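Okay, predicted coordinates and the sequence, questions at the end:
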Amino acid sequence: MFRYEEPLFEKKRLLRVDMLEQLRDYPRDYLKILYQGYSEGIVCGCQVSWNNAKLTISPGILRHGEKLYFMERPYTIDCRSEDKVRYLKVQFLAEVKENGKILGNTRILLDEAKPDMDCEMELCRFRLQEGARLRNTYENFEDYSTEYDTINSIYAPYAAKNESILNPVILDTFASESLRHGAHDPVDVNFALNILSGYGQVSAACVREYLYLKLRKEMNGNIDTYRGLLKVLSSHKSAGAEVHSGEQGKRSIMLF
């Protein structure tokens, strides 16, 4: 049955062990239930920015091996221009038991090797040229895949029900541009509104079925998904441009 239990703190009353255990266990149990059935990936936070030859990763939560890993403070790592593709990733270390605790630790790495999917998770990749600045702002949906001097988070897995999804911010950008560039098909409109209503959170199955309806092609993985969405968005823009051109070509006749 469902119930709730809260420790009651009163003056001149001793703190019991079970009261302290409730305070300790509640956040852990709550999050464990909340993210039950979720895939591995970034749960929240972990935005990457660059300034003065340093990368900074904001606080966030990762899910790996059915465990939640927390980073409560920003983490900074040196990053100078090398004009080659580098990967910012998290390496999950073996659990350690000490002093009555189980510790799950990680290392944050920046190197040229692609992530090992068994024990590493990609946060982003980029190619920073000499004298350039690494940016994390984007002009439009297509700009997320710019090769040079741009943080690319397309490949980073984001935790979701059953299987990981594309960065919700990227999905949100697609939805906004799709509606603004003349998406009139009810399938397109419903899909875009569904993304926006969930702030970019939508199941991988939903995105996959949408792309199959639009392109008649199976899409698997983040990069396939991104390219498929880019193709759909390009068709929306082309259709919108044709409609706009046709409207400009019409002449008005005034009847007296």
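Ah, there it is.

got a list of what the nearest residue to residue 62 once chain neighbours are set aside touches?
Counting by C-beta to C-beta, 6 or more residues apart in numbering, the nearest residue to residue 62 once its immediate chain neighbours are dropped is residue 69, at 4.5 Å. The way it works is simple: take the backbone N, C-alpha and C, and place the C-beta from them, glycine included. The contact partners of residue 69, taken as C-beta atoms under 8 Å, 6 or more residues apart in numbering, are 61, 62, 63, 90, 92, 104, 106.

10 Å instead?
43, 60, 61, 62, 63, 90, 92, 104, 105, 106, 121 (C-beta atoms under 10 Å, 6 or more residues apart in numbering).

The third one belongs to a helix, doesn't it?
Read it as residue 61. No. When DSSP: H, G, I helix; E, B strand; the rest coil is applied, residue 61 is found to be strand, with no helix at that position.

My understanding was that residue 106 contacts residue 90; is that so?
Yes. Using C-beta atoms under 10 Å, residue 106 is in contact with residue 90, at 5.1 Å.

Would you list the buried entries among the contacts of residue 69?
Among the contacts of residue 69, the ones that count as buried by 16 or more other C-beta atoms under 10 Å are 43, 60, 61, 62, 63, 90, 92, 106, 121.

looking at this, the first one is in a strand?
Just to be clear, that refers to residue 43. Yes. Counting by three-state DSSP, residue 43 is found in a strand.

isn't it right next to residue 62, touching?
Yes. Counting by C-beta under 10 Å, residue 62 is a contact partner of residue 43 at 6.4 Å.

between those two, what contacts are shared?
The contact sets of residue 43 and residue 62 overlap at 68, 69, 70, 159 (C-beta under 10 Å, 6+ apart).

can I get the residues you listed in JSON lines with pLDDT and distance to residue 47?
Shown next, in JSON lines, are the shared contacts of residue 43 and residue 62 (pLDDT from 0 to 100; distance: C-beta to C-beta, whole Å):
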{"residue": "68", "pLDDT": "93", "distance to residue 47": "18"}
{"residue": "69", "pLDDT": "94", "distance to residue 47": "16"}
{"residue": "70", "pLDDT": "93", "distance to residue 47": "16"}
{"residue": "159", "pLDDT": "96", "distance to residue 47": "15"}
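
Neighbours of the nearest residue to residue 113 once chain neighbours are set aside, how many?
Leaving aside its sequence neighbours, residue 113 sits nearest to residue 87 (C-beta to C-beta, 6+ apart; 6.8 Å). Per other C-beta atoms under 10 Å, the neighbour tally for residue 87 reads 19.

hang on, isn't residue 87 packed against residue 108?
No. Contact between residue 87 and residue 108 fails when scored by C-beta under 10 Å: they sit 11.2 Å apart.

Quickly list what's touching both of these two.
residue 123.

would you list every one of the strands in the stretch 1-150 of the chain?
41-45, 48-51, 54-57, 60-64, 67-71, 75-78, 85-92, 96-98, 101-103, 106-111, 120-127 (DSSP state E, counting those that start in this stretch).

what does the third one rub up against?
When you say that, I think you mean strand 54-57. In contact with strand 54-57 (C-beta under 10 Å, 6+ apart) are residues 45-50, 71, 73-80, 86, 88, 90, 108, 110, 123-124, 126, 128, 134, 151.
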